[in-house]
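# Below: sequence and its predicted model.
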There are 2 protein chains.
Amino acid sequence: MASVITPRDKDFSQWYVDVVKHGGLAEHSAVKGCMVIKPHGYAIWEAIRDYLDRRFKETGHVNAYFPLFIPQSFLAKEAEHVEGFAKECAVVTHYRLKLDADGQLVVDPAAKLEEPLIVRPTSETIIWNTYRNWIHSYRDLPLLINQWANVVRWEMRTRLFLRTAEFLWQEGHTAHASEAEAREEALRMLDIYRELAREVLAVPVLSGRKSDQEKFAGAVDTYTIEGLMQDGKALQMGTSHFLGQNFARAFDVKFLNAEGRQEYVWATSWGVSTRLVGALIMTHGDDRGLVLPPRIAPLQVVVVPIYRKDAQLQQVREAMAPFMEAWRARGVSVRFDDDDNHSPGWKFHEYELKGVPVRVVVGPRDLANRTAEVARRDTGEKELVSWDALGDRVPALLDDIQQSLLRRAEAERDRRTYEVDTWNEFVRRIEDGGFVIAPWDGTAETELAIKEKTKATIRLIPDEQPDDPGRCILTGQPARYRVVFARAY
Amino acid sequence: MASVITPRDKDFSQWYVDVVKHGGLAEHSAVKGCMVIKPHGYAIWEAIRDYLDRRFKETGHVNAYFPLFIPQSFLAKEAEHVEGFAKECAVVTHYRLKLDADGQLVVDPAAKLEEPLIVRPTSETIIWNTYRNWIHSYRDLPLLINQWANVVRWEMRTRLFLRTAEFLWQEGHTAHASEAEAREEALRMLDIYRELAREVLAVPVLSGRKSDQEKFAGAVDTYTIEGLMQDGKALQMGTSHFLGQNFARAFDVKFLNAEGRQEYVWATSWGVSTRLVGALIMTHGDDRGLVLPPRIAPLQVVVVPIYRKDAQLQQVREAMAPFMEAWRARGVSVRFDDDDNHSPGWKFHEYELKGVPVRVVVGPRDLANRTAEVARRDTGEKELVSWDALGDRVPALLDDIQQSLLRRAEAERDRRTYEVDTWNEFVRRIEDGGFVIAPWDGTAETELAIKEKTKATIRLIPDEQPDDPGRCILTGQPARYRVVFARAY
């Protein structure tokens, strides 16, 4: 069967579109810029959500829900925030439709809102306006709240999962009695994101602080995790912001501290989104479609029976039932696919496209020999496994796939991470794609000039810095930091 | 301490407001009509969601996500649907703000959408427009999809959880190859809602079909579950719709059936919302605040230590640790509240307001006697339990509370369910509050006249009907059905 997937080295963008489409992950909707997240794509997001929700709760956070709409005036209260978010947003101006004289449905001009409402692009403003009534004394702190929600940022050039007008995310919004505690919180949540990426999604990430140009509008410091996709572009996968007292000042949120003095509250916010599904696709996918790390795969193992007669199917089913039960008892998700409408070959192809980590095939000869053919999605390798070994082999294989996907991604990331000290090499490496670590003089002018010349942005400023960072790659001035540059999504 | 809760018999509406407020469940937001769901209220919704999500998946459904926005023209495609939903909705007309000459943030008139977008009040239209591309043959059916989402219906007179402009819900949207299968699906989901209400929320419900006046705009038949609140008003708690081929026709969704003929697809939709939190409050709450059935309580047991010195606290902690571990192993959620900022009396009050089913108190005397004081929230009864019995007593008590809340609600519902055959008795019973079962001639005119005169609506038409339903309560004409009337939220 001719592949439905464009090869990566031919056209990476088209490859991505093909994998999303044929993997049943998402599609564009009738509403410009908004996506439909299809069942398989949504199941991956559910797995991400379940992991994070557990980690958030273990670290003392609770969930709540704040309104979808934000009064226009709220956006203007934090000076930098309005710059960042008021530009492209969905504005609700009316609250009623009516039938006009011709019987056509139209916006009712009589139902105009006094103040337009913005569909939340992020919820700092509405949440800090609410926190004002919740926080009075240091006894009310810390306030550790997370929200699972949809948000809207009007986008003209969209890519499924990576950049859409509406997307799903979680946004944590915490309030603290001291700067130190808030900074610690921001870094704690970054750590959870890093662990999600590495241990669950098998995506190795670099982490560090954003430059002032790239930080969140309204933050004092933004921390980020960044992955490197197979085309050499960086993808920002999660951010955690130390907001200082900016939103507390904007919304007048003070507390009585332990010394009896009124003080503005210290804040953080942090979020990851359905964009992570894009990170998974672009880190692990291959020319046969999606490849999913077992820990995030909605379906880990599929058993495909080969049979002519119903009696054979029944024999395979009975032979595999105890294995499936044993795997499920070990937390493995498994499906026995006896759908009669499709051939085994069609099914093999379908589960490959969907990235199912392990396929087990049992036919008449296997019944006679007490064997099964076990195929791993990551390498395509097949092995004939005797029933004596099958029970343990499949879970072991899942572990191995998880580890080997991480190692492969790490090797690829390392291979394309460069330390450079000259402009020529910088330009060449950026052109090739990859993380390019280079000295920067610390000015916004230089950062913007580099972006203009090469389309590379500062992805992050690593915590650990050499004593002498060298001379700025562009200006030759003494560098302030060695930072990670890349072209990015 | 004076109660912060208005007694129910003094002012039921104010009682509800007080319970919601002091239970930490929700509050009004700065955006008119929209609520903030506070952590305790959200945790209850999470428990409802987790139960339903499991039941949906067990019955073969998968989750997906469709856009928040619906093109205005979509709403007009199904003739009855537009009547029901186009009236009061949030309309997005612009996609950008800008700073005007005075530096004020205003809607940018240059960024007007060609076609206004409606914030979804329900998703049949956008989903059936999508299904057109997903369904080609009977092999693609059934399509069993659910969505967890926020929806918006502009409301001027709002009540927290019961009626707000934005609320959270799930909406199932299924597609089938035959009428019989779709009807079966609609009833299957109604059964799941009924089980949620009865077995988990301990709310006994009546179920049946809606009248044409009261059914969903676009449905052939709407099935409903209805609870009776403590003030004698009915609350619609969940609905399941058999949509026939209405949306398939409106969005031209056909399939090739097994006989090789093109046919319109058969549909259902079904949903419950955060309104169920309101049902819980109004079914079980008392003059001391919220009362939660253990199966839905985010926290089932709180252990409050009484102590003067740290050493005593430590002794209580050590004595209770094995019990807490044993309870957790049995799936009981429990918290040891050693917060030093609050007195035991304050804590007792707080957990009562929040509806925590069981409170365990251990002080110095209990340490000496190897006892604990165990209080149940539903009746307020306290008992002294020896440590020999404590491990089993608490889980048994949780079971007992669950059962006895259901029995109490059932007895109350039965006490206020009346069969009447005369207009005078009908008016009197409706005035008193309760479910009033009465003969109806089956006409919309009569239904509307009764509503006008008494504010009572037909809550449902029971499946089982007597051979002779009698004579219509209003018109004296031969009745078509005996139906359940009530004043409703």
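All right, it came through fine. Fair warning: this is a prediction, and the values are worked out from it, not measured in the lab. Numbers count the residues shown, from 1 in each chain, chains lettered A, B, ... in the order given.

# Report how many residues lie close to residue A:382.
By other Cβ atoms under 10 Å in any protein chain shown, the residues close to residue A:382 number 12. All C-beta spots, glycine's among them, are computed from the backbone N, C-alpha and C.

# now the closest residue to chain B within the stretch 301-450 of chain A, nearest residue through space, not along the chain?
Of the residues in the stretch 301-450 of chain A, the one nearest chain B is residue A:341, at a distance of 5.1 Å by Cβ to the nearest Cβ. The spatial neighbour of residue A:341 that comes closest, neighbours along the chain excluded (Cβ to Cβ, 6 or more residues apart in numbering or on different chains), is residue B:139 at 5.1 Å.

# what's the one you found sitting at in phi/psi?
As for residue B:139, its main-chain torsions (degrees, to the nearest 10) stand at phi -70, psi -20.

# Tell me, how many residues neighbour it?
Applying the criterion other Cβ under 10 Å, we find 13 residues in the vicinity of residue B:139.

# same question, the one 5 residues further on
A count of nearby residues for residue B:144, using other Cβ under 10 Å, gives 19.

# Across the sheet, point out what pairs with residue A:175.
Taking DSSP bridges as the rule, residue A:175 bridges to residue A:143, residue A:267.

# my read: it touches residue A:132, true?
No - contact status for residue A:175 versus residue A:132: not in contact, 10.4 Å apart, counting by Cβ atoms under 8 Å.

# Mutual contacts of the two, please.
Between them, residue A:175 and residue A:132 have residue A:253 as joint contacts when contacts are counted by Cβ atoms under 8 Å, 6 or more residues apart in numbering or on different chains.

# Between these two, point out the one with more neighbours.
Each of residue A:175 and residue A:132 had its neighbours counted (other Cβ under 10 Å), and the higher figure belongs to residue A:175 (27 against 14).

# ok, now which ones touch the more buried one?
Listed by Cβ under 8 Å, 6+ apart, the contact partners of residue A:175 are A:131, A:135, A:141-143, A:248, A:253, A:265-267.

# picking that back up, tell me if I'm right that the residue nearest to residue A:341 and residue A:346 touch.
No - using Cβ under 8 Å, residue B:139 and residue A:346 do not qualify as a contacting pair, with a distance of 11.7 Å.

# Would you mind listing what in the stretch 301-450 of chain A touches chain B?
Counting by Cβ under 8 Å from any Cβ of the partner chain, the stretch 301-450 of chain A comes close to chain B at residue A:341.

# Show me the strands in the stretch 301-450 of chain A, by range?
For the stretch 301-450 of chain A, the strands defined by DSSP state E, counting those that start in this stretch occupy A:301-305, A:334-336, A:358-362, A:371-376, A:382-386, A:417-419, A:435-440.

# next one: the stretch 101-250 of chain A
For the stretch 101-250 of chain A, the strands defined by DSSP E, counting those that start in this stretch cover A:105-107, A:112-119, A:143-152, A:166-176, A:206-209, A:221-228, A:234-244.

# In TSV, list the ones you listed along with distance to residue A:425 and mean pLDDT.
Rendered in TSV, the data for those read as follows (distance: least, Cβ to Cβ, whole Å; pLDDT from 0 to 100):
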stretch	distance to residue A:425	mean pLDDT
strand A:105-107	57	93
strand A:112-119	45	96
strand A:143-152	40	98
strand A:166-176	37	98
strand A:206-209	19	98
strand A:221-228	18	98
strand A:234-244	18	98
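
# Out of those, the one nearest residue A:307 is which?
Using Cβ to Cβ as the criterion, the shortest distance between residue A:307 and those is 40.9 Å, found for strand A:166-176.

# Flag the shaky bits of chain A, pLDDT-wise.
Residues of chain A meeting the criterion pLDDT under 70: A:1-2.

# if you set the cut-off to 90 instead, what comes out?
Counting by pLDDT under 90, the ranges of chain A that qualify are A:1-3, A:75-88, A:99-104, A:155-157, A:341.

# I'd like the domain boundaries of it, if you could list them.
What the record gives for chain A is the domain set A:12-284, A:297-400, A:417-486, from automatic domain parsing.

# Help me confirm that residue A:333 comes into contact with residue A:301.
Yes - with contacts counted by Cβ under 8 Å, residue A:333 reaches residue A:301, the gap being 7.1 Å.

# tally of neighbours for residue A:225?
Burial of residue A:225, expressed as a neighbour count using other Cβ under 10 Å, amounts to 28.

# Tell me where the stretch 301-450 of chain A has helices.
Applying DSSP state H, counting those that start in this stretch to the stretch 301-450 of chain A gives helices spanning A:310-329, A:344-354, A:364-369, A:387-415, A:423-432, A:444-454.

# returning to that earlier point: now render the domains of chain A as CSV, adding distance to residue B:44.
As requested, the domains of chain A are arranged in CSV below (distance: least, Cβ to Cβ, whole Å):
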stretch, distance to residue B:44
domain A:12-284, 11
domain A:297-400, 27
domain A:417-486, 40
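
# Which of the ones you listed sits closest to residue B:424?
Nearest of the domains of chain A to residue B:424, taken as Cβ to Cβ: domain A:12-284 at 41.0 Å.

# mind checking how far that closest one is from the chain centre?
Averaged C-alpha coordinates place domain A:12-284 at 12 Å from its chain's average position (Cα atoms, centre = their mean, to the nearest Å).

# Check stretch A:296-303 too.
The answer for stretch A:296-303 is 20 Å, by Cα atoms, centre = their mean.

# What are the contacting residues of that stretch?
Contacting residues not belonging to stretch A:296-303 are listed as A:40, A:43-44, A:46-48, A:51, A:200-201, A:280, A:294, A:320, A:324, A:327, A:332-337, A:347, A:351, A:354-362, A:394, A:398 [Cβ under 8 Å, 6+ apart].

# ok, back up a step: comparing the domains of chain A, which comes out most buried?
With neighbours taken as mean count of other Cβ atoms under 10 Å in any protein chain shown, the domains of chain A reach their highest mean count in domain A:12-284, at a mean of 20.

# centroid residue for chain A?
What sits nearest the mean C-alpha location of chain A, by Cα atoms, centre = their mean, is residue A:276, with 1.9 Å.

# What residue in the stretch 151-300 of chain A comes nearest to chain B?
Each residue of the stretch 151-300 of chain A has a distance to chain B, by Cβ to the nearest Cβ, and the smallest belongs to residue A:154, at 4.4 Å.

# now that residue, nearest residue through space, not along the chain?
Nearest in space to residue A:154, with sequence neighbours left out and distances taken as Cβ to Cβ, 6+ apart, is residue A:88 at 3.8 Å.

# And for residue A:272?
Sequence neighbours aside, residue A:238 is the residue nearest to residue A:272 in space, at 4.1 Å (criterion: Cβ to Cβ, 6+ apart).

# any idea how far residue A:55 is from the one you found?
Distance check for residue A:238 against residue A:55: by Cβ to Cβ, to the nearest Å, it reads 12 Å.

# what do you get for residue A:482?
Counting by Cβ to Cβ, the gap from residue A:482 to residue A:55 is 31 Å.

# go on, residue A:312?
Residue A:312 sits 46 Å away from residue A:55, taking Cβ to Cβ as the criterion.

# Right, I'll leave it there.
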